[in-house]
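Enquirer: Predicted model and sequence follow; I will ask about them next.
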Amino acid sequence: MSLFGGPGFDGSFALEMSCVNSRSERKARKKRLQVLFFELSGVFKGNFQKELYPRRRGQFPCFLFTAVDKKLFRKRNLLGGVETHKNTGVNLRSFVMIKLLNVTKVYPNGVKALSDVSLTINMGDFVFLVGSSGAGKSTLIRLLFREEVPTSGYIMIAGKNISRLKKSEIPILRRNMGVVFQDFRLLEDRTAYENVAFAMEVLECTKKEIQERVPQVLKMVGLQERMHAYPTQLSGGEQQRVAIARAIVNNPYILIADEPTGNLDPDTSRDILKILIDINRRGTTVIMATHAWDLVNEHNRRVISLCKGVLVSDGEKVQFANEA
C-alpha cells in the first residue's frame, strides 16, 4: 500500500525507504516524502496531520493532482524545471506519473485497438508516440484522459487507477491534464485571449488571476501581439499556439498533444515543437502523438512506437523512415 492509498510510484517509495535503517529514520523519511507530494499538489500547508487527507470539494483524497478549488489554484507551484527537492533531496523526475500495465482495448465491434501494452512515463518526461494510422495512438490518448476505459489491464496516473474513478472525479482528472488537438477546437466567436481565459473561467478563477496569467501564457507561445484577434483572423500555426496556451494556462501536470503539427507546414511545425519542449523544461510531462518522422528524428527524445495495437519499441535515438 502506497502513500496514495493504492499501488505506489512503481516501487520508488519502497526504494527510498530501503536505504534507511532505523525505524525512527524510516518514519521521518516517510513523513518528509508525504510532505513533498502534498507540496507539489498545493495541498500541504502547516498542520501536517490535519492536511494529510484533505476533504475539500472536488479533490481526490491522497491524490497527487491538485484540487480545482480556486484558493488552491493560487497556491499551486509546479516543478519549474527543478529536479531535486530542496528539503528531501529526492529526485522529482524519478517518480512515475503514468503507468500502463497489460492494457488491452477491444471495441464492441471486435476491433482490438491495443494489445497487452505496458509502459511507464516519469514525471517531467517528453515522449513521442508514433505509429501508422490505426496503430492505436488515438485510443491510447483517449484512455489517458478517461474518454475510454481499458477492456483489461490498469492505467495508473500519479498512483491512482483512473479506470476506477467516479463519474464526478473524471472532470477533475481532465482539468489537471492539458490536451492539444490537431483541429484546434477554438471558439470562433471569442478572441485568442478569451479562448485561453475560458479555461480559467471554468475553474472559477478570479478576474485578477485571469488578467495576470493569460497574457503570460500568450507571450510564452509568441502571441502577445495577436491576443485580440479572432480564430478566423489567425493562421493555422497561430491557432495551434492558442490551443497550446489554452491547454497549459492552468499549469497541468500532463500535456497531451494529439498530432499538433498534422495540418501545419514544416517550419511552423518546428516552432510548435519548440514551444512543447519549452513547456516540458518547466516540469510538465509531455506526450506528443505524431506522424512527423522528420521532427522525431531531429530530436533526441524518447520514442514509443505502436503497430496494430502492439508496443513494438520504446527508447531513445530511434531513427524512422518516412511511411511514404
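Expert: All right, it came through fine.

Enquirer: Verify the stated contact: residue 279 with residue 288.
Expert: No. Using C-beta atoms under 8 Å, residue 279 is not in contact with residue 288; the gap is 10.6 Å. The way it works is simple: take the backbone N, C-alpha and C, and place the C-beta from them, glycine included.

Enquirer: Tell me which of the two has more neighbours.
Expert: Remark: of residue 279 and residue 288, residue 288 carries more neighbours, 26 against 22, as counted by other C-beta atoms under 10 Å.

Enquirer: For that one, which three-state class applies?
Expert: Assigned with DSSP: H, G, I helix; E, B strand; the rest coil, residue 288 falls in the strand class.

Enquirer: now it, nearest residue through space, not along the chain?
Expert: Closest residue to residue 288 apart from its sequence neighbours, by C-beta to C-beta, 6 or more residues apart in numbering: residue 257 at 4.4 Å.

Enquirer: shouldn't residue 198 be in contact with residue 186?
Expert: No. Counting by C-beta under 8 Å, residue 198 stays clear of residue 186, with 9.7 Å between them.

Enquirer: overlap in contacts of these two?
Expert: Counting by C-beta atoms under 8 Å, 6 or more residues apart in numbering, the contacts common to residue 198 and residue 186 are residue 246.

Enquirer: These two: who's more crowded?
Expert: Between residue 198 and residue 186, counted using other C-beta under 10 Å, residue 186 has the larger neighbour count: 23 against 16.

Enquirer: neighbours of residue 188, just the number please.
Expert: Residue 188 has 8 neighbours, counted by other C-beta under 10 Å.

Enquirer: Look at it and report its pLDDT.
Expert: Per-residue confidence for residue 188 comes out at a pLDDT of 91.

Enquirer: Got the phi and psi for it?
Expert: Backbone torsions for residue 188, taken as degrees, to the nearest 10, come to phi -70, psi -30.

Enquirer: list the contacts for it?
Expert: Here residue 188 is in contact with 230-232 (C-beta under 8 Å, 6+ apart).

Enquirer: repeat for residue 222
Expert: Residue 222 sits next to 241, 271, 275 when contact means C-beta under 8 Å, 6+ apart.

Enquirer: Of these, grab the buried ones for ChimeraX.
Expert: Burial among the contacts of residue 222 is assessed by 16 or more other C-beta atoms under 10 Å; the matching ChimeraX selection reads:
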select :241,271,275
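
Enquirer: Switch the contacts of residue 222 over to TSV; also include secondary structure, pLDDT and distance to residue 122.
Expert: Supplementary listing: the contacts of residue 222 in TSV, determined by DSSP: H, G, I helix; E, B strand; the rest coil; pLDDT from 0 to 100; distance: C-beta to C-beta, whole Å:
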residue	secondary structure	pLDDT	distance to residue 122
241	helix	92	27
271	helix	90	27
275	helix	91	22
